[in-house]
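*Asks:* Kindly generate the corresponding structure for this input.
(one chain, ligands or ions: 2)
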Amino acid sequence: MTSLSDILADLVSDVDAVFLFSPNGSFYERFEDIQDVVVIGAENTVDADTFVELPIPFADIQDRIKFGIEGAMDDDLVGDGDVVACIGSLFSDDADFASRVRVDETMRSGIYDLFTNSRADPAVISDVFEVALELGRKGQKGKPVGALFVVGDAGKVMNKSRPLSYNPFEKSHVHVGDPIVNVMLKEFSRLDGAFVISDSGKIVSAYRYLEPSAEGVDIPKGLGARHMAGGAITRDTNATSIVLSESDGLVRAFKGGQLILELDPEEY
Ligand SMILES: Nc1ncnc2c1ncn2[C@@H]1O[C@H](COP(=O)(O)OP(=O)(O)OP(=O)(O)O)[C@@H](O)[C@H]1O
Ligand SMILES: [Mn+2]
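*Replies:* Ligands and ions are numbered 1, 2, ... in the order given. Below you'll find the predicted structure:
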């Protein structure tokens, strides 16, 4: 006779590591004596020895798990073929789900790399994501709007682009993440072209027309010049592009000429 507990025990038997997603104190304490526990979350609130940071909340649980695994692979905490028990809270503050995942090299989507190995500060990348996601949710005065943010390696990006109009950020020293600046970015998103943002988050320019030389960048069907330019500039430079599509409402990130991440603003 198989009991439900046996089936659940199989889920976590012989795992190489246990990943706890955003555990609270009492949830974490219960795992204290278990070996190879990795805490994954926005902040290390439980002071875990081994911690992988989530740069954005990832409403989709699969994205959250994938990010955690990639981060742990990058830190050499787990490797190809390892089996991991992922435990977290979906509906309550306590542990209420468990998933058994086999680590596989092909799981490396580049999401983790996007934040940790971009030229720009990870906080700058996540601030730009926030602006793009919010713009995607609300649009401009209720109408869908598109936007293109090129983050990092700004000098080179400026060399591979030209102004479409006067640059409203010319003499200013403003940074993404500042609430007033986020309002400005949303206001200017109605206008053509790209925003260029430095490694440290300074808004270098609005209204840039990108002229990357790279060709043959693959972008999803139905998308056009904005995404092509946004993708290609990341092959010509070490920038990361974050693109909000006016036509399908999704936020996408490109790095090294590749589409790395696709998020639906309505889910965040
Ligand atoms: N090379 C470029 N550099 C900067 N901005 C560009 C460039 N090409 C197009 N854009 C901007 O993208 C806008 C939309 O162009 P297009 O419809 O071809 O892009 P798209 O990839 O289909 O994006 P969307 O899904 O938002 O429609 C243009 O109005 C322009 O503001
Ligand atoms: Mn279009």
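*Asks:* Quickly note the distance from residue 102 to ligand 1.
*Replies:* Here the criterion is Cβ to the nearest ligand atom, to the nearest Å. By it, residue 102 lies 36 Å from ligand 1. In this view, the C-beta of every residue, glycine as well, is placed from N, C-alpha and C.
*Asks:* what is that residue paired to in the beta sheet?
*Replies:* Residue 102 has these beta-bridge partners by DSSP bridges: residue 83.
*Asks:* Burial check on it, number of neighbours?
*Replies:* 13 (other Cβ atoms under 10 Å).
*Asks:* I figured residue 65 was touching residue 99, is that so?
*Replies:* Yes: the criterion here is Cβ atoms under 8 Å, and residue 65 meets it with residue 99 at 6.7 Å.
*Asks:* the strands in the stretch 101-250 of the chain, which residues?
*Replies:* With DSSP state E, counting those that start in this stretch, the ranges of strands along the stretch 101-250 of the chain come out as 147-151, 161-163, 194-197, 203-210, 240-244.
*Asks:* Could you export those strands as TSV, including mean neighbour count, distance to residue 127 and mean pLDDT?
*Replies:* Output for the strands of the stretch 101-250 of the chain, formatted as TSV (neighbours: other Cβ atoms under 10 Å; distance: least, Cβ to Cβ, whole Å; pLDDT from 0 to 100):
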stretch	mean neighbour count	distance to residue 127	mean pLDDT
strand 147-151	28	9	97
strand 161-163	16	21	97
strand 194-197	26	9	98
strand 203-210	21	11	97
strand 240-244	27	10	97
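*Asks:* out of the ones you listed, which comes closest to residue 116?
*Replies:* strand 240-244 (11.5 Å; Cβ to Cβ).
*Asks:* what about the helix or strand just after that closest one and ligand 1, touching?
*Replies:* Moving toward the C-terminus from strand 240-244, the next helix or strand (DSSP states H and E) is strand 251-255. No: against ligand 1, strand 251-255 shows no contacts by Cβ under 6 Å from any ligand atom, the least distance being 9.5 Å.
*Asks:* Let the chain start at 3 from now.
*Replies:* Right, with 3 as the first residue, what we last looked at is strand 253-257.
*Asks:* what's strand 253-257 packed up against?
*Replies:* Using 3 or more Cβ pairs under 8 Å, 6 or more residues apart in numbering; DSSP states H and E, the elements in contact with strand 253-257 are helix 113-118, helix 124-140, helix 227-238, strand 242-246, strand 260-265.
*Asks:* what's the overlap in contacts for residue 67 and residue 101?
*Replies:* Jointly contacting residue 67 and residue 101 under the rule Cβ atoms under 8 Å, 6 or more residues apart in numbering are residue 88.
*Asks:* So if I had to pick from those two, which one is more boxed in?
*Replies:* Set residue 67 next to residue 101 and count neighbours by other Cβ under 10 Å: residue 67 wins out with 20 against 16.
*Asks:* what's the helix or strand for that one?
*Replies:* helix 63-76.
*Asks:* Give the closest residue to the residue of the stretch 3-152 of the chain found nearest ligand 2 in space, chain neighbours not counted.
*Replies:* With Cβ to the ion, the shortest gap between the stretch 3-152 of the chain and ligand 2 falls at residue 148, namely 7.3 Å. The shortest distance from residue 148 to any non-neighbouring residue, by Cβ to Cβ, 6 or more residues apart in numbering, is to residue 248 (3.2 Å).
*Asks:* For the one you found, grab phi and psi.
*Replies:* Residue 248 adopts backbone torsions of phi -70, psi -30, taken as degrees, to the nearest 10.
*Asks:* Just the residues contacting the helix holding residue 67, thanks.
*Replies:* 19, 21, 23, 40, 42, 54-56, 59-60, 80-81, 86, 88, 90, 92, 99, 101, 103, 105, 109-115, 118, 265.
*Asks:* and ligand 2, which of these contact it?
*Replies:* Residues of the contacts of helix 63-76 in contact with ligand 2 (Cβ under 5 Å from the ion): none.
*Asks:* Residue 17: what's its closest spatial neighbour, skipping adjacent residues?
*Replies:* residue 87 (4.4 Å).
*Asks:* What helix or strand is the one you found located in?
*Replies:* Residue 87 belongs to strand 85-90, assigned by DSSP H and E.
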